[in-house]
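Colleague: How does the following fold in three dimensions:
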Amino acid sequence: MRVAVTGASGFVGGAVVRAAAARGWEVFAFGRRAHAETGGVPYRSWDLTRGPRPELRVDAVVHCAGSVTDWGDAAEIWRANVTGTRTVLETFPDARLVHVSTASVYDPFRPTVRAREEEAPVARYVNAYGASKAAAERLVAGRAVILRPHAVYGPGDTTLLPRVLGAVRGRWLLAVGGGDQLVSLTAVDNLVRACLLAVDHPEPAVYNVTDAEPVRLDDALRALLREREIDAVPRYLPARLAHAVAAVSERLSATPRLTRYAVGHLAVERTLDISRARDRLGYAPAPTSFTGAAAW
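Modeller: Purely as a prediction, here's the structure:
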């Protein structure tokens, strides 16, 4: 099996590269950075927004590249997530495609409660990230296995964990809502497992991909703080107040610590139904765990 992985210099793509190579596949790693540590797998620098590379014959592509941010230049986010996906299709027209999407394609204006795959994409989004990932899904629909993880965490995490730890103020970890809201999280090892299963099951389809069961937000935050040995406890702001603070932050800062997207995303339940992945892919995820997080 000859497999190309985009986004190989990033958190998820790098993990996919290592796992695919460990399986014995011939792996070709691509990323925007000039260099990346890929455990001996051949790596090539490739900015997807600049067009296709010379043809490389592979059996499958796992497309992990893209912009993962809820705040930034909309045109740049769109180029990374939509133009980049179009480039992958043009470069590997005959390969089976595994497209790593996001649960942010579900309706941001209401809670996501055990959402099933057919509930997205929707008509409108609150930011360029959700809209561009939905557009990328529409590009590959019927041609790819689409995976929708939510809140990916684990060793090498450069997005979720830093954001959580950045919300610690003294002995408080500032959060939104009441803490009882359920949330589906996705360990990077579970997502990687789903990517490899999807390569083996190439029939086009959409799959939610999370840990075994949802967890209470408060339980997850406290477990993470304990594992990191941080002497703090969650402190919850009412959603309305947090939304107002985020609006001010967006107006006053080019890089706001809190956005209205984040408030809307965290304040209510965000859970996904993963029965389709279990039934069709044989996906058997591990439960949510922050064991070892002190080393992340």
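Colleague: going forward, measure contacts between C-alpha atoms and count neighbours the same way
Modeller: Fine.
Colleague: Now do Ser45 against Val68, distance only.
Modeller: 19 Å (Cα to Cα, to the nearest Å).
Colleague: what about Gly282, how many residues close to it?
Modeller: 14 (other Cα atoms under 10 Å).
Colleague: Use 123 as the first number from now on
Modeller: Will do, 123 is the new start, and the previous item becomes Gly404.
Colleague: which residue sits closest to it, ignoring its sequence neighbours?
Modeller: In this structure, Gly404 finds its nearest non-sequential neighbour in Leu319, 7.7 Å apart by Cα to Cα, 6 or more residues apart in numbering.
Colleague: and that neighbour, helix, strand or coil?
Modeller: helix (DSSP: H, G, I helix; E, B strand; the rest coil).
Colleague: correct me, but it touches Tyr405?
Modeller: Yes. Using Cα atoms under 8 Å, Leu319 is in contact with Tyr405, at 7.4 Å.
Colleague: Give me the more crowded residue out of these two.
Modeller: Tyr405 (21 against 17).
Colleague: who's in contact with the more buried one?
Modeller: Arg315, Ala316, Leu319, Ala399 (Cα atoms under 8 Å, 6 or more residues apart in numbering).
Colleague: same check, this time on Leu269
Modeller: Counted by Cα under 8 Å, 6+ apart, Leu269 has contacts Val220, His221, Val222, Ser223, Thr224, Ala316, Cys317, Val328, Tyr329, Asn330, Val331.
Colleague: if we go to 6 Å?
Modeller: Residues near Leu269 by Cα atoms under 6 Å, 6 or more residues apart in numbering: Val222, Ser223, Val328, Tyr329, Asn330.
Colleague: quick one, phi psi at the residue nearest to the first one when sequence neighbours are not counted?
Modeller: On the basis of Cα to Cα, 6+ apart, the spatially nearest residue to Val222 that is not a chain neighbour turns out to be Leu269, at 5.0 Å. Leu269 has phi and psi values of phi -110, psi 130 when expressed as degrees, to the nearest 10.
Colleague: What of Arg291?
Modeller: The phi/psi pair for Arg291 (degrees, to the nearest 10) is phi -130, psi 100.
Colleague: same check, this time on the one 4 residues further on
Modeller: The phi and psi values for Leu295, taken as degrees, to the nearest 10, are phi -110, psi 110.
Colleague: surely it meets Pro356?
Modeller: Yes. At 4.5 Å, Leu295 and Pro356 qualify as touching, with contact defined as Cα atoms under 6 Å.
Colleague: Please save the CA atoms from the regular element (helix or strand) spanning Arg373 in PDB.
Modeller: In this structure, Arg373 sits in helix 361-374 according to DSSP states H and E. This file holds the C-alpha atoms of helix 361-374, laid out as PDB (Å, rounded to 0.1, in the frame of the first residue of the first chain):
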ATOM      1  CA  ALA A 361     -22.500  32.300  28.500                       C
ATOM      2  CA  ARG A 362     -24.100  35.700  28.000                       C
ATOM      3  CA  LEU A 363     -21.300  37.400  29.900                       C
ATOM      4  CA  ALA A 364     -18.600  35.400  28.100                       C
ATOM      5  CA  HIS A 365     -20.200  36.300  24.800                       C
ATOM      6  CA  ALA A 366     -20.100  40.000  25.600                       C
ATOM      7  CA  VAL A 367     -16.400  39.700  26.700                       C
ATOM      8  CA  ALA A 368     -15.500  37.900  23.500                       C
ATOM      9  CA  ALA A 369     -17.200  40.500  21.400                       C
ATOM     10  CA  VAL A 370     -15.100  43.200  23.000                       C
ATOM     11  CA  SER A 371     -12.000  41.100  22.700                       C
ATOM     12  CA  GLU A 372     -12.500  40.600  19.000                       C
ATOM     13  CA  ARG A 373     -12.900  44.300  18.500                       C
ATOM     14  CA  LEU A 374      -9.800  45.300  20.500                       C
END
